[in-house]
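Enquirer: coordinates only, sequence not included:
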């Protein structure tokens, strides 16, 4: 991989992660996560449109990679968006990864 390509990829990853963290700080869920409408994930599985903080998949990926998120995962997260940016960062989360409103949000 050429150095310029790697720099461009990191240039996209870091702002995306900062945006996710900023959204979490500005829009924290107060009474648990509400389940959004049904949707289809980029992998064509059934999911729910939820805030990114209500999706175990996103939390696991961030926990593993932090600011070094692989470009393939970043592209997947971008394709999974299910609401306009002005409504916060919501994505189509596979049903098995949706964190219910009454659950403790610790990774399991």
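Expert: Structure's in. What do you need? Just so it is clear, the structure is predicted and the values come from calculations on it, not from any experiment.

Enquirer: which stretches of the protein form helices?
Expert: 3-26, 56-65, 71-79 (DSSP state H).

Enquirer: Report the helix or strand with the lowest average pLDDT across the chain.
Expert: Of all regular secondary-structure elements in the chain, judged by mean pLDDT, DSSP states H and E, the least confident is helix 3-26 with a mean of 54.

Enquirer: The nearest residue to residue 81 once chain neighbours are set aside: what's it in contact with?
Expert: Excluding the flanking residues, the one nearest residue 81 by CB to CB, 6 or more residues apart in numbering is residue 91, at 5.5 Å. In short, each C-beta sits where N, CA and C put it, glycine included. For residue 91, the residues meeting the contact criterion (CB atoms under 8 Å, 6 or more residues apart in numbering) are 49-50, 52, 55, 58, 77, 80-82.

Enquirer: again, 7 Å this time
Expert: Taking CB atoms under 7 Å, 6 or more residues apart in numbering as the contact definition, residue 91 lies against 52, 55, 77, 80-82.

Enquirer: Kindly list the main-chain dihedrals of residue 69?
Expert: Main-chain dihedrals, residue 69, degrees, to the nearest 10: phi -60, psi 130.

Enquirer: What count of nearby residues applies to it?
Expert: Burial of residue 69, expressed as a neighbour count using other CB atoms under 10 Å, amounts to 21.

Enquirer: can you check residue 100 too?
Expert: Using other CB under 10 Å, residue 100 has 11 neighbouring residues.

Enquirer: Return the distance of it relative to residue 54.
Expert: Using CB to CB, to the nearest Å, we find residue 100 at a distance of 8 Å from residue 54.

Enquirer: what does residue 81 give?
Expert: Residue 81 sits 14 Å away from residue 54, taking CB to CB as the criterion.
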